[in-house]
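**Q** For reference, the sequence and a predicted model appear below.
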4 protein chains.
Amino acid sequence: MSLRGFTLPLTATGRSSIVAPPPWHYSGEIIAVDFTVSVQAAAALLPAGLVPVPEGSASVVFADWCSSSDHDDRVLADPAIGQYHEAYVLLHAMRGDRKVGRVPFIWVDSELSLLRGQIQGFPKKLGQIAMTRPTLLGRGGVRKEPGATFAAHATSHGRRVLTVGVQIASTSDRLPRAASLPLIHTRVFPSIDRPAPAVHELQIGTIDGFACGPIHVGPAKLEIGKTEYEELEGLAPRSVGSGYVFSMAFSVLGGTVEPI
Amino acid sequence: MSLRGFTLPLTATGRSSIVAPPPWHYSGEIIAVDFTVSVQAAAALLPAGLVPVPEGSASVVFADWCSSSDHDDRVLADPAIGQYHEAYVLLHAMRGDRKVGRVPFIWVDSELSLLRGQIQGFPKKLGQIAMTRPTLLGRGGVRKEPGATFAAHATSHGRRVLTVGVQIASTSDRLPRAASLPLIHTRVFPSIDRPAPAVHELQIGTIDGFACGPIHVGPAKLEIGKTEYEELEGLAPRSVGSGYVFSMAFSVLGGTVEPI
Amino acid sequence: MSLRGFTLPLTATGRSSIVAPPPWHYSGEIIAVDFTVSVQAAAALLPAGLVPVPEGSASVVFADWCSSSDHDDRVLADPAIGQYHEAYVLLHAMRGDRKVGRVPFIWVDSELSLLRGQIQGFPKKLGQIAMTRPTLLGRGGVRKEPGATFAAHATSHGRRVLTVGVQIASTSDRLPRAASLPLIHTRVFPSIDRPAPAVHELQIGTIDGFACGPIHVGPAKLEIGKTEYEELEGLAPRSVGSGYVFSMAFSVLGGTVEPI
Amino acid sequence: MSLRGFTLPLTATGRSSIVAPPPWHYSGEIIAVDFTVSVQAAAALLPAGLVPVPEGSASVVFADWCSSSDHDDRVLADPAIGQYHEAYVLLHAMRGDRKVGRVPFIWVDSELSLLRGQIQGFPKKLGQIAMTRPTLLGRGGVRKEPGATFAAHATSHGRRVLTVGVQIASTSDRLPRAASLPLIHTRVFPSIDRPAPAVHELQIGTIDGFACGPIHVGPAKLEIGKTEYEELEGLAPRSVGSGYVFSMAFSVLGGTVEPI
């Protein structure tokens, strides 16, 4: 039989595959915090060709995503499939004279997102992620307004890896760097019959339809934890900058790749 | 030592207790579907003193809650504590000449909610619950507008127990019955040294600050599953009515109890 | 209708109740570590009438349980119901001239165990618990034999609360104190209409059929973490004693209660 | 920087990678059930070059694994990493004149296993899996002895996909086919910049150190469920054969690959 599927499992129809090919669409609620790290530590997490910005700028980003897929209507239809949380560290870097972003560590609470990330070169692991979501009525939660605190945290393998809080103070017109840097990923897929990887290449996503809602800004808190399973020690914040709460959307149409 | 706590664990401060005493505040996003059941089957799930409405009216309600507690600021501050999903069946009943609601089965994805529910007489079990949440931007999700479908489902012990879908058609001024019936619960806590329960009484919550946002209405789908662990067979829908998508908020100040 | 059930939910048959009445039977694999704590800190976690032993003796106990219930055959039949992990701290105390045990904090990964615990006065919270299980063949794991290390850890609300390791050195004939002290619990169930609890009493389980397999002993490691949700600070180990790996079984027939 | 890692995430040390390269060692407790399916349906799930055996033989296999890795001592040391459950369907097929096995669907409850499987071509998805484990003492569980029933089930995305039960009747000397067929996998890793996959090849694991404990055999039950996410319909059992409960171990040293 000729089996089909963008990813495993393969079947005659391809409908059992975990991931369908792009385009993929994303609409999310973001909580982000800027911070600075040791430039040396950042350099140790960047691939050849990227150097840290001199200020050691970095961000932690939490996202509560709704996603859809042009080739799989179940992603939009089933909230257990298309909706998920993710949390990541973003290092701000230079590639030649261009400012770019690099994600050394990222956690998600979704199988689809885990695999979809591996395909793009996002180094996703599973985690448990919680984010304050805004409410519209009553006293059970907070609204996106001055004075409100939005919190988020991520746990992986029983260790709290990221904890943030942002107290909204005002609204800004300026897009946070965490939302504006083009991301450079490394796609890796091992061989099983030889040491050299079967796939090892840089990848930059082809993004379309970027949109951003009002950007709420305020003072922030950030803690980066320790775990046996990721090398987070070097990312200890030297200083913590502003925090951001905003809605964001975009589509991934595919990507371009370059040899390492 | 004199140990304190509204619930276990007890400590000198009472701060380790899972639940703090009311008031408790709730702000939620609701997806609800009306349906009808066999009057005889509904009767078999009602306590003495309640009879089904002649039409066999019932509702399935999903809620994405943010909650807070006057006596425990961690509930509002930590999204992993105060935020959770719940899904329940609501039987519409008469108690004398008063229309009331009774919840025979309910699932939640939160330890706090599970215990807080047991205290009120909500028969909460743990489940995995997913609900379409509205998005504000982009193509990753849907908005609360005509044509959009909001889906929700609940799974308990590996069995899908509730699956609903509502396609928004219009906005209504009328509060769904699922949001307006006062609920009659049975508080039960067993003895360990004798057959008779230590606590066995009816409970009606003291509700304050009820608020409801725009009510989006449309045709709905509903499936009620089978499981070894709840008697859902009798709840098979005879007909499925309208579905509702709306925001709702209220506070629970405490409750009044009556002997069985 | 007359509704039945040892716990909620109540139905005509009682078969939807989370917990059936005792007898309950337990067969488990145990990893335990003895340690000592500040006597003052231990005293702050003991109910009136109990005082710490002068040495500040305490234990951490992990259990991988299989359980069954005389009145609910689903508990034995369904491994997702009857099997679960639990982890707890045990303080060694004197009640008059009798040595007893008190469990100030305990975590489980099962709804049934959570509720069954609340009924007995075990202050159970939900957690994620992992324990090395012995293997019989091959190189994927370890056996219960000298040199092998058995590890276990518990996480609650994104914080690692307990981490232990025991390296088996020899076999002992002496039952660890963690398995031999009678436990004194406090049963608590709040009122909803008044401040005083509806149930507040001491409880001692009626145990039958206690059995214990070979007791493997060796040097141990223990870390007790910090969390916003339990007061674990006082339990910091002053010294860490031996660790134990063994099989244990017993039945709970019910319990006796005393006023506080 | 030159970044290292068998899989993502890449770092200077390679220690943050989810998977370390083989050898990988496995020691497990197995519950398996033989059944037969429509030959036509089996053919639709086999890659070119494989044909179903004429009898339509197939098996469902559950495994409670302990695993270790020569290049990552954390896998053996941390039970939350190395221990996991998996459940799969195995189709018995001919490749030329050689009997082989093919796994069209498989679920695991571990991130490590999910990714380690993708590397080998196991089409792993995440699931919730429960298996009766044998006990040594008391009445909380069952032993591997005649009359005892071992049950197992797997749930994926809120749907029960596999449910089995085996009642032990006797011990057999014959290795179940589920444990003896060499497995033919398809390794697939998509491109992001073109339709053709970056990796698409057949893979056969290089197995070493196979060992099997006493094989307990008896009559079995099997249910295969329905889900939106896998094409399980064709796998409806035509007949259900014997069930098996046994310990099994082996090592994966790597694999050999062939073009599709």
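**A** Cool, got the structure. Numbers count the residues shown, from 1 in each chain, chains lettered A, B, ... in the order given.

**Q** can you pull the contacts of the closest residue to chain B within the stretch 51-200 of chain A?
**A** Closest residue of the stretch 51-200 of chain A to chain B, Cβ to the nearest Cβ: residue A:138 (2.2 Å). Bear in mind the C-beta positions are built from the backbone N, C-alpha and C, glycine included. Shown in contact with residue A:138 (Cβ atoms under 8 Å, 6 or more residues apart in numbering or on different chains): B:25, B:26, B:27, B:209, B:211, B:248, B:249, B:250, B:251.

**Q** Residue A:214 now?
**A** A:144, A:171, A:246, A:247.

**Q** Filter the residues you listed down to just the ones in strands.
**A** Residues of the contacts of residue A:214 located in strands (DSSP state E): A:171, A:246, A:247.

**Q** okay, now the second one: neighbour count?
**A** It stands for residue A:246. By the criterion of other Cβ atoms under 10 Å in any protein chain shown, residue A:246 has 24 neighbours.

**Q** Please name the bridge partners of it.
**A** Beta bridges link residue A:246 to residue A:30 when assigned by DSSP bridges.

**Q** you'd agree residue A:80 is in a strand?
**A** No - checked against DSSP: H, G, I helix; E, B strand; the rest coil, residue A:80 lies outside a strand; its state is helix.

**Q** Not counting its neighbours along the chain, what's nearest it?
**A** In space, and not counting its chain neighbours, residue A:80 is closest to residue B:130: 3.7 Å by Cβ to Cβ, 6 or more residues apart in numbering or on different chains.

**Q** in which helix or strand would I find that neighbour?
**A** strand B:128-131 (DSSP states H and E).

**Q** same check, this time on residue A:67
**A** Going by DSSP H and E, residue A:67 is in strand A:57-69.

**Q** now residue A:242
**A** strand A:239-259.

**Q** Pull out the buried positions in that strand.
**A** Residues A:240-252, A:254-255, A:257 are the ones in strand A:239-259 that count as buried (16 or more other Cβ atoms under 10 Å in any protein chain shown).

**Q** on contacts alone, who are the packing partners of that strand?
**A** Judged by 3 or more Cβ pairs under 8 Å, 6 or more residues apart in numbering or on different chains; DSSP states H and E, strand A:239-259 is in contact with strand A:24-36, strand A:159-167, helix A:177-180, strand A:199-212, strand A:215-224.

**Q** of all these, which has the lowest average per-residue confidence?
**A** Among the helices and strands packed on strand A:239-259, helix A:177-180 carries the lowest mean pLDDT, at a mean of 89.

**Q** quick check, that helix touching chain B?
**A** No - if you take Cβ under 8 Å from any Cβ of the partner chain as the test, helix A:177-180 misses chain B, and the best it gets is 12.1 Å.

**Q** near chain D at all, the helix or strand just after that helix?
**A** Next along the chain after helix A:177-180, taking DSSP H and E as the criterion, comes strand A:184-189. Yes - using Cβ under 8 Å from any Cβ, strand A:184-189 comes into contact with chain D via A:186, A:187, A:188, A:189.

**Q** quick one: contacts for the residue nearest the centre of chain A?
**A** By Cα atoms, centre = their mean, chain A has its centre lying nearest to residue A:88, at 4.9 Å. Residue A:88 makes contact with A:60, A:61, A:103, A:105, A:106, A:107, A:122 under the criterion Cβ under 8 Å, 6+ apart.

**Q** and the gap between the fifth one and residue A:90?
**A** Just to be clear, that refers to residue A:106. Look at residue A:106 and residue A:90: by Cβ to Cβ, to the nearest Å, they are 9 Å apart.

**Q** And the third one, by the same measure?
**A** The span separating residue A:103 from residue A:90 equals 6 Å under the rule Cβ to Cβ.

**Q** Need the overlap of contacts for those two.
**A** By Cβ under 8 Å, 6+ apart, the residues touching both residue A:103 and residue A:90 are residue A:183.

**Q** out of the ones in strands among the contacts of residue A:214, who's nearest residue A:111?
**A** Nearest to residue A:111 among those is residue A:247, at 24.9 Å by Cβ to Cβ.

**Q** Name the residues of the lowest-mean-pLDDT helix or strand in chain A that are buried.
**A** Here the helix or strand of chain A ranked lowest by mean pLDDT, DSSP states H and E is helix A:177-180, holding a mean of 89. Within helix A:177-180, the residues that qualify as buried are A:177, A:178, A:179, counting by 16+ other Cβ under 10 Å.

**Q** tell me what that helix is packed against?
**A** strand A:24-36, strand A:57-69, strand A:239-259.

**Q** try it again with 7 Å
**A** Packing partners of helix A:177-180 (3 or more Cβ pairs under 7 Å, 6 or more residues apart in numbering or on different chains; DSSP states H and E): strand A:57-69.

**Q** Tell me the gap between the strand it packs on and the middle of its chain.
**A** Centre-to-centre, strand A:57-69 and its host chain are 5 Å apart (Cα atoms, centre = their mean, to the nearest Å).

**Q** So that strand, near chain C or not?
**A** No - using Cβ under 7 Å from any Cβ of the partner chain, strand A:57-69 stays clear of chain C, coming no nearer than 13.6 Å.
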